[in-house]
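Novice: pasting the structure only:
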């Protein structure tokens with residue numbers, strides 16, 4: 001398995017897609033029930049293959065990632081050849097931008113000397129989607145890129 005297995009909730013959300021996936025494997029509903037009981041390892045393999053297919057589709061479509069910590073905001077535009085990163089650091093303060101109060105402070109104090117902006121390009125490894133997935137595993141979320149766009153305009 002390349003990524004991670006979808007959660008029970010994710011499988012429930014993708015129930016119809018999973019049925020379609022099984023159909024492409026020529027597995028009927030009765031055969032699936034039989035597999036789960038009599039060949040659980042094969043059923044597990046099917047769940048893993050489907051999970052990887054879903055992740056590949058999601059990661060191929062992802063254009064932006066965001067990750068927040070108490071004093072840092074990491075914003076990424078996922079280009080074809082490399083990622084462009086914008087990092088917002090809140091220095092020398094007890095502000096926690098993961099809270100509404102801290103986020104509001106940041107919005108009101110963007111030009112404060114305690115707010116630092118950094119930009120960088122980062123090359124992908126040989127497996128671009130695995131790079132994206134690892135960032136998601138570390139807490140990044142796929143977004144539409146509004147914050148990236150805002151800060152890109154602000155600092156360029």
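Specialist: Arrived safely, thanks for sending. Keep in mind the model is a prediction, meaning the values are calculated, not measured.
Novice: For whichever helix in the chain runs longest, give me every contacting residue.
Specialist: Across the chain, the helix with the greatest residue count (assigned by DSSP state H) is helix 40-61. Among residues not part of helix 40-61, those counted as contacts by C-beta atoms under 8 Å, 6 or more residues apart in numbering are 1-6, 10-11, 14, 17-18, 21-22, 25, 27, 32, 35-36, 129, 132-133, 142. (C-beta placed from N, C-alpha, C; glycine too.)
Novice: List the buried residues in it.
Specialist: Under the neighbour-count criterion of 16 or more other C-beta atoms under 10 Å, helix 40-61 has 43, 46-48, 50-52, 54-55, 59 buried.
Novice: Sketch out the helices for this protein, chain order is fine.
Specialist: 8-13, 15-24, 29-38, 40-61, 100-108, 128-137, 146-155.
Novice: Which stretch among the ones you listed is buried most, on average?
Specialist: helix 128-137 (a mean of 17; mean count of other C-beta atoms under 10 Å).
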